[in-house]
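# Next comes the sequence, and after it the predicted model I'd like to discuss.
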Amino acid sequence: MAPFFMALESQLNAVMIEEGHYTVGKTKKGRHNDAGDEKRTKAVVNQPKLAMYHIDMKYIRDLHRADDKVPSVSPQIGKANRGFLGIIVLLHGQKYCIPLSHPKEKHDNMKGRIDFTKIIDKDGKLLGVLNFNLMIPVEDEQMQKVDFRSNKNDSLQVARYKKLCQKELIWCRKNQNDIVNKANLIYKMYSSGEQFSARSRCVNYPKLEGVCHKYNSKEI
């Protein structure tokens, strides 16, 4: 294994060792009551360590037909090779995939908000973004774990892609509390019918859960 990947693997292992010892970050005074804090604490404690997955294309197309805010993978619009990559969190017993986008020029001037988080390394370089407004319900059958292992046959482009994904995952695991709490917050706000600035940018989580359950019942 190349020295760089060995170093990254060591960092990943260090994060994994800390699993189960997370603490919930402080919230603004008056924003949440004690019961809410207790629920969020439970959500973080019960959350498996974050991992990165590709999501089945056929399943994504079914979700897109139900809600066109779900990023399309339709070949008719030239996006057949556009994969759905993200990290998995557990929301009220349902797995959700928060899509991860690699850096684009438009992200440089965008600020963090309730439905959007930048992944930035220690040197201030933008590694990618998490789009909470576009997170989708998934089951194990639709998930394929991303393989970060280096291979002597990897092209330079593939090697760089793996390196970037590893850095993004390291950041996500170090910031797991914030990610899980943010996903729970936006899910609860949307599902309760609360009006908030990002609501119009969100997919319909309850509707997509219905599609997910129907899709997976067909596979049994």
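Structure's in. What do you need? Numbering: from 1, shown residues only.

# List the buried residues in stretch 57-68.
For stretch 57-68, a neighbour-count test (16 or more other C-beta atoms under 10 Å) marks 57, 59-60, 62-64, 66-67 as buried. Every residue, glycine included, has its C-beta placed from N, CA and C.

# Can you give the contact residues for that stretch?
With C-beta atoms under 8 Å, 6 or more residues apart in numbering as the test, stretch 57-68 has contacts from 70-74, 83-84, 136, 138, 142, 203-204, 207-208, 211-212, 215.

# Please pick the buried ones from the residues you listed.
Among the contacts of stretch 57-68, those classed as buried by 16+ other C-beta under 10 Å are 70-73, 84, 136, 138, 142, 203, 208, 211-212, 215.

# Report the lowest-confidence entry in the residues you listed.
Among those, V73 carries the weakest pLDDT, at 65.

# Give the helix, strand or coil label for the residue nearest the centre of the chain.
Residue closest to the mean C-alpha point of the chain, counted by C-alpha atoms, centre = their mean, is I98 at 2.6 Å. Here I98 is recorded as strand under DSSP: H, G, I helix; E, B strand; the rest coil.

# Identify the residue nearest it in space, chain neighbours excluded?
Among residues not flanking I98 along the chain, M135 sits closest, at 4.4 Å (C-beta to C-beta, 6 or more residues apart in numbering).

# and that neighbour, how many neighbours does it have?
25 (other C-beta atoms under 10 Å).

# give me the number of residues near G93?
Neighbour count for G93, taken as other C-beta under 10 Å: 6.

# Can you tell me how far it is from K106?
Distance from G93 to K106, counting by C-beta to C-beta, to the nearest Å: 35 Å.

# Which helix or strand contains L169?
Using DSSP states H and E, the element containing L169 is helix 156-174.

# Mind listing what's buried along that helix?
Applying 16+ other C-beta under 10 Å to helix 156-174 flags 162-163, 165-173 as buried.

# just stretch 183-199 next, same as before
Those would be 183-190, for stretch 183-199 by 16+ other C-beta under 10 Å.

# hmm, who's touching that stretch?
If you take C-beta under 8 Å, 6+ apart as the criterion, stretch 183-199 is touched by 40, 43, 89, 91-92, 96, 98, 113-115, 132-133, 135, 202, 205-206.

# if you set the cut-off to 6 Å instead, what comes out?
With contacts defined as C-beta atoms under 6 Å, 6 or more residues apart in numbering, stretch 183-199 is touched by 43, 89, 91, 114-115, 132-133, 202, 205-206.

# Same check on stretch 109-121?
126-130, 132-133, 168, 171, 186, 198, 201.

# Mind checking which of the contacts of stretch 57-68 land in strands?
84, 136 (DSSP state E).

# Restricted to helices, list the contacts of stretch 57-68.
If you go by DSSP state H, the contacts of stretch 57-68 have 207-208, 211-212, 215 in helices.

# if we take the residues you listed, which one ends up nearest to K49?
The nearest member of the ones in helices among the contacts of stretch 57-68 to K49, counting by C-beta to C-beta, is C212 at 22.5 Å.

# hmm, back to that, looking at the buried residues of stretch 183-199, which is nearest M52?
For the buried residues of stretch 183-199, the nearest to M52 is A183 (15.1 Å; C-beta to C-beta).
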